[in-house]
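In: show me how the following folds:
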Amino acid sequence: MGIFNRIFNIGKSEVHSALDKLEDPIKMTEQGIRDLKTDLNKSLQGLAEIKALAIRAKNDNAKFSNDAKQYEQKAIMLLQKAQAGQLSPQEADRLAGEMLKMKENADAEAQRTAKEMVQHENAVATMEQNINKLKSKITTYENELRTLKARAKVSEATKKINKQLAQVDSSSTISMLERMKEKVAQDEALAESYGAIALESKSVNEEVEAVLGSTTSSDALLALKAKMGLLGSGETTTTNDDVPPPPAS
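Out: Below is the predicted model of the structure:
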């Protein structure tokens, strides 16, 4: 049985752990406030019922007290009739005695209802005090809930920002910059390599022309003017023929 108990306890702990992860403080607080409001409604209903009992006891007490007075007054009136000769003494005594018995019963009921009235009024006072405390708690919890919701929004936004900032790793950023520098350096070296290959691919004639220079459009214009005899005294022509030949080997 020990192994089964251990398995059951492990399973129960896992369930509690899963429930803890699912718990939402805001939702739990909202549910708690709803439960308190349900209790408050029940308490108000109970308060109304107790107040009704207190009112009933008060009315009954007033009725029985009034009845007792009336019975006593009737007994007095019967005895007065006997004194006036309007009623025989025996009959007056009998009826007056009945009135006094009824007065006694009414007084007893008045005392009973007076006690009930006091008990109900004390219960009403106690219940009203508890209800006021419950209302105060509900108000406090609702204010705390509003604060909790505001804090939750701020913390959630802060968490998202911090999470984004945490994901921007400085070492990875530096590594990325180093890779970019290396790629740029490789591209520059490759461009220089292509330039060197382009220079190496020039023909010998292109190299000679680059050294000696080729006839430009201005040189051709001067040569044409000289042929037509249009050159002024200050203008001279310079062609490739004027370049001295290379020394003989």
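In: helix or strand right after the helix or strand bottoming out on mean pLDDT in the chain?
Out: Here the helix or strand of the chain ranked lowest by mean pLDDT, DSSP states H and E is helix 2-22, holding a mean of 49. Counting by DSSP states H and E, the next helix or strand C-terminal to helix 2-22 is helix 25-83.
In: what's the next secondary structure element after that next one?
Out: helix 89-167.
In: just want the most central residue of this protein.
Out: The C-alpha lying nearest the average C-alpha coordinate of the chain belongs to K149 (CA atoms, centre = their mean; 3.3 Å).
In: enumerate every residue touching it.
Out: Going by CB atoms under 8 Å, 6 or more residues apart in numbering, K149 touches I26. Any C-beta I mention is one placed from the backbone N, CA and C, and that applies to glycine too.
In: and this protein, what are its domains?
Out: Domain assignment for the chain by automatic domain parsing gives 21-156, 169-202.
In: ranking those domains by mean pLDDT, which is last?
Out: Sorting the domains of the chain by mean pLDDT places domain 169-202 lowest, at a mean of 74.
In: distance from it to the middle of the chain?
Out: Using CA atoms, centre = their mean, to the nearest Å, the mean C-alpha position of domain 169-202 is found 51 Å from that of the whole chain.
In: neighbours around S88, how many?
Out: Other residues near S88 number 11, with proximity taken as other CB atoms under 10 Å.
In: what sits closest to it if chain neighbours are left out?
Out: Among residues not flanking S88 along the chain, A82 sits closest, at 6.8 Å (CB to CB, 6 or more residues apart in numbering).
In: where's that neighbour relative to A75, distance?
Out: 11 Å (CB to CB, to the nearest Å).
In: contacting residues around V154?
Out: Contacts for V154 (CB under 8 Å, 6+ apart) come out as none.
In: state the distance from it to Y141.
Out: Distance, V154 to Y141, by CB to CB: 20 Å.
In: and for L95?
Out: From L95 to Y141 the distance is 67 Å (CB to CB).
In: kindly report the same for R151.
Out: Using CB to CB, one gets 15 Å for the distance from R151 to Y141.
In: the two: which is more packed in?
Out: Using other CB under 10 Å, the more surrounded residue of R151 and Y141 is Y141, with 16 against 11.
In: hang on, the more buried one packs against L36?
Out: Yes - applying CB atoms under 8 Å, one finds Y141 in contact with L36, separated by 7.0 Å.
In: for A191, what are its contacts?
Out: So A191 contacts nothing (CB under 8 Å, 6+ apart).
In: that one and N61: what is the separation?
Out: Taking CB to CB, one finds A191 at 112 Å from N61.
In: related to what we said a few turns ago, A82 and A75: which is more packed in?
Out: When neighbours are counted by other CB under 10 Å, A82 and A75 differ, and A75 comes out ahead with 21 against 17.
In: ok, the more buried one - contacts?
Out: A75 makes contacts with L95, A96, G97, M99, L100, K103, as judged by CB under 8 Å, 6+ apart.
In: roughly how far does the nearest residue in space to the third one that is not next to it in sequence sit from E142?
Out: Nearest-residue entry for G97: A75, 7.9 Å, with adjacent residues in sequence omitted and distances by CB to CB, 6+ apart. When CB to CB is applied, the distance between A75 and E142 equals 63 Å.
In: before we move on, what about A92?
Out: Counting by CB to CB - A92 and E142 are separated by 72 Å.
In: please apply the same query to S175.
Out: Distance, S175 to E142, by CB to CB: 52 Å.
In: those two: who's more crowded?
Out: Counted by other CB under 10 Å, S175 and E142 do not tie: E142 has more neighbours, with 15 against 11.
In: need the residues that contact stretch 94-113.
Out: 57-58, 60-61, 64-65, 67-68, 71-72, 74-76, 78-79.
In: if we go to 6 Å?
Out: For stretch 94-113, contacts defined as CB atoms under 6 Å, 6 or more residues apart in numbering pick out 57, 60-61, 64-65, 67-68, 71-72, 74-75, 78-79.
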